[in-house]
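> Need coordinates for the below:
(2 chains)
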Amino acid sequence: MENYTANEIMALSAGRLVKNGDILFAGTGLSMLAATVAKRIHAPEAVVFFETGGIDPSLDELPLAVADPRVMVGTSINTSLVDALSLLGHPKFRTIAFLGAAQIDCYGNLNSTLLGTYEHPRQRFPGSGGACDAASMAYGVIIFMQHQRRRFVEKLDYLTSPGWMTGGDSRRQAGFDRGGPIAVVTNLCVMKFDEHTKMMYLDEYYPFTDPGKVASETGFDLDISRARMASPPSESELATLRSGVDPQRLILGPMPTSQAAADKF
Amino acid sequence: MALNRMSAADAVGKYIKDGDQIALGGFTVNRNPMLMIREIIRQKIRDLYLVVHSHGQGMELLIGAGCVKRVELAYGGVARFAPTGHRFKKAFLDKTIEVEDYSNFHMTLRFLAGAMGLPFMATKSGLNTDIVRRSGFSAACRGTDRVPEHKLKVIDDPLDPDGGEVIVLPPLKPDVAILHAQFVGDEGTCRICGLTFADIEQAKAAKTVIVTCEEIIPEDIIRQEPDQNSLPHFMVDAVIVAPFGAHPTACHKFYDYDPVHLNLFKNMAREDDCFADYLNEWVYPFDSQEAYLEKVGIRNLLKIKANSALGYAPGLDRR
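Okay, here's the model as predicted:
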């Protein structure tokens, strides 16, 4: 039994991908935790900003929405959508966007709009919001996904946010002069993209799973030949995340069962 | 210049007609103009054409109450309280509304184009996506009823032969923009505190601007810090005083979002009969903001009251 949860290792794994000085386009949920924990541990000069216009808020309390009043406090500047979304594409800055989606394909293209078609819809999701803009304009994108075959699909029902398009040079050909997904962080593993083909491969699997399980939960052929086991979260990483970032466990959710049991005594 | 101050009921009666194209201010759980939205529902306005970026509790209510025919949007949800709005999802799947999808940047640029009087705005965001390739509105409605002739077009960069393709987006010029602000001066100068989202662009693009506000303050006071102001007095057509007018969404410096109410709404919005109960309990009975706030209750209002230094309610139980 691990002394950490999937949400905890996801937040920390994504946080490890952040560099000091990055300009982080955060959504809510795990991306808030990843950005905040990275700032507290190794990237104190990273800046978190929100599409709604809040630039570098103090984040004394975790926002639950990008329009949460907590993103407007202690900021360097409060602006607007047009200003914040323009910042995504600023060529001077390494802007890194955290995104999630309902479906992903092997090139990291994302669907957050619908299943089926407009004529015959089977399911509806909220839509792009700023995700398409971040995927189009940011320097890089880190994607959070729940690892399930129905989400990792051969073909998206709807391409909301551009990843590596059809692989190789196709993203540049489409007209994007930078950007593209850097990694996909799931509840099982961290995946990256091949330098040339731009296809997803398994980079690190968490200690509680194995490459075979990851491949079986992925709906397309996944290269697992380069896979390594991830190092588990350290005690100090967990302590920062739990007591410094989300003490109410608003996003982290329940403590690991072994830990919860230990806390009773 | 005299302030055109009126009740929400009069503002709906005077300015909002069946079929109007309406831009709603705010963003998901923040500064939704909820008093006006409840009044639109009470007066049974129909066939509205909503143009929004990321909405939101207000859009959920209007769609659920059957006021909406068509929506152009980037995002339909109430953040963590309903990542996809239940009423929006149901209306989309049942095809009782027509939906056209854009991105937040697209919608914001379209409002900006309207505000600037431009025929289009260009961006590279979204090239080669299904936002560009597919359309939710029927071909038949294109060019009628204020629906743009084209959702968008992809053209070659007209200036740089090596510039590749760009997307050009049609402007938005809504009939009415409705927004909720913290302060309006008694001659109409409008001040939004915290983030403005796209409210200012929406107001400048619209034919009629209706502002609900927490407080009306003396014009000479609001003009002492003009750097903080959002809209000049002559752009505001009607003002409605609405304390807690964005409840259950937040209003920076005045109150937080109301997690108890948003959770209650989330549960009642799932099924048609429960949602009808919600309207009967929380919308139809109240002909004034005071009566609505009595229903919300002083204990709940005090829980969400903002700390004056922080602008939100610290320690609020938000589960």
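> just checking, residue B:183 is part of a strand?
Yes. Remark: residue B:183 belongs to a strand, assigned using DSSP: H, G, I helix; E, B strand; the rest coil.
> can I get the CA coordinates of stretch A:179-198 in CSV?
Extracted C-alpha coordinates of stretch A:179-198, given in CSV (Å, rounded to 0.1, in the frame of the first residue of the first chain):
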residue,chain,number,x,y,z
GLY,A,179,4.1,25.0,-28.9
GLY,A,180,2.8,21.5,-28.8
PRO,A,181,2.3,19.1,-25.9
ILE,A,182,5.3,18.3,-23.7
ALA,A,183,3.8,15.6,-21.5
VAL,A,184,0.7,13.8,-20.6
VAL,A,185,0.3,13.1,-16.8
THR,A,186,-2.2,10.5,-15.9
ASN,A,187,-3.2,8.5,-12.8
LEU,A,188,-0.9,5.7,-14.0
CYS,A,189,2.1,7.4,-15.6
VAL,A,190,3.8,10.2,-17.4
MET,A,191,4.0,10.0,-21.2
LYS,A,192,6.0,12.2,-23.6
PHE,A,193,6.2,12.6,-27.4
ASP,A,194,8.8,11.2,-29.7
GLU,A,195,11.1,13.9,-31.0
HIS,A,196,10.6,13.0,-34.7
THR,A,197,7.3,11.2,-35.1
LYS,A,198,5.6,13.2,-32.3
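> do that stretch and chain B meet at all?
No. Stretch A:179-198 does not reach chain B (Cβ under 8 Å from any Cβ of the partner chain); its nearest approach is 10.5 Å. Backbone N, C-alpha and C define where each C-beta goes, glycine included.
> ok, and for that stretch, which residues are buried?
For stretch A:179-198, a neighbour-count test (16 or more other Cβ atoms under 10 Å in any protein chain shown) marks A:179-193, A:198 as buried.
> Mind jotting down where the strands sit in the stretch 1-150 of chain A?
A:23-25, A:47-49, A:54-55, A:77-78, A:95-100, A:103-104, A:110-111, A:114-116, A:121-124, A:140-145 (DSSP state E, counting those that start in this stretch).
> who wins for proximity to chain B among the ones you listed?
strand A:121-124 (4.4 Å; Cβ to the nearest Cβ).
> Tell me, how many residues neighbour residue 154?
Since you didn't name a chain, this refers to chain A. 9 (other Cβ atoms under 10 Å in any protein chain shown).
> hm, I was asking about chain B
Counted with other Cβ under 10 Å, residue B:154 comes out at 14.
> Tell me the one of the buried residues of stretch A:179-198 nearest chain B?
The closest of these, once distances to chain B are taken by Cβ to the nearest Cβ, is residue A:179, at 10.5 Å.
> Regarding the one residue in chain B that gets nearest to chain A, what are the backbone dihedral angles?
As assessed by Cβ to the nearest Cβ, chain A sits closest to residue B:79 within chain B, at 3.3 Å. Torsion angles at residue B:79 (phi, psi; degrees, to the nearest 10) stand at phi 50, psi -140.
> That one touches residue A:66, doesn't it?
Yes. The pair residue B:79 / residue A:66 is scored as a contact, 7.4 Å apart, by Cβ atoms under 8 Å.
> Please list the residues of the stretch 151-265 of chain A that sit near chain B.
So far as Cβ under 8 Å from any Cβ goes, the stretch 151-265 of chain A lies against chain B at A:158-162, A:165, A:174-176, A:248, A:250.
> what's the most distant pair in the residues you listed?
The largest distance within those, taken as Cβ to Cβ, falls between A:175 and A:248 and amounts to 43.4 Å.
> How about the contacts made by the residue lying closest to the residue of chain B closest to chain A once chain neighbours are set aside?
Leaving aside its sequence neighbours, residue B:79 sits nearest to residue A:65 (Cβ to Cβ, 6 or more residues apart in numbering or on different chains; 3.3 Å). Residues near residue A:65 by Cβ atoms under 8 Å, 6 or more residues apart in numbering or on different chains: A:28, B:28-30, B:79-80, B:257.
> Out of the residues you listed, which end up buried?
A:28, B:28-30, B:79-80, B:257.
> The residue of chain A found nearest chain B and residue B:29, how far apart?
Among the residues of chain A, residue A:65 lies closest to chain B, at 3.3 Å counting by Cβ to the nearest Cβ. According to Cβ to Cβ, to the nearest Å, residue A:65 stands 5 Å off from residue B:29.
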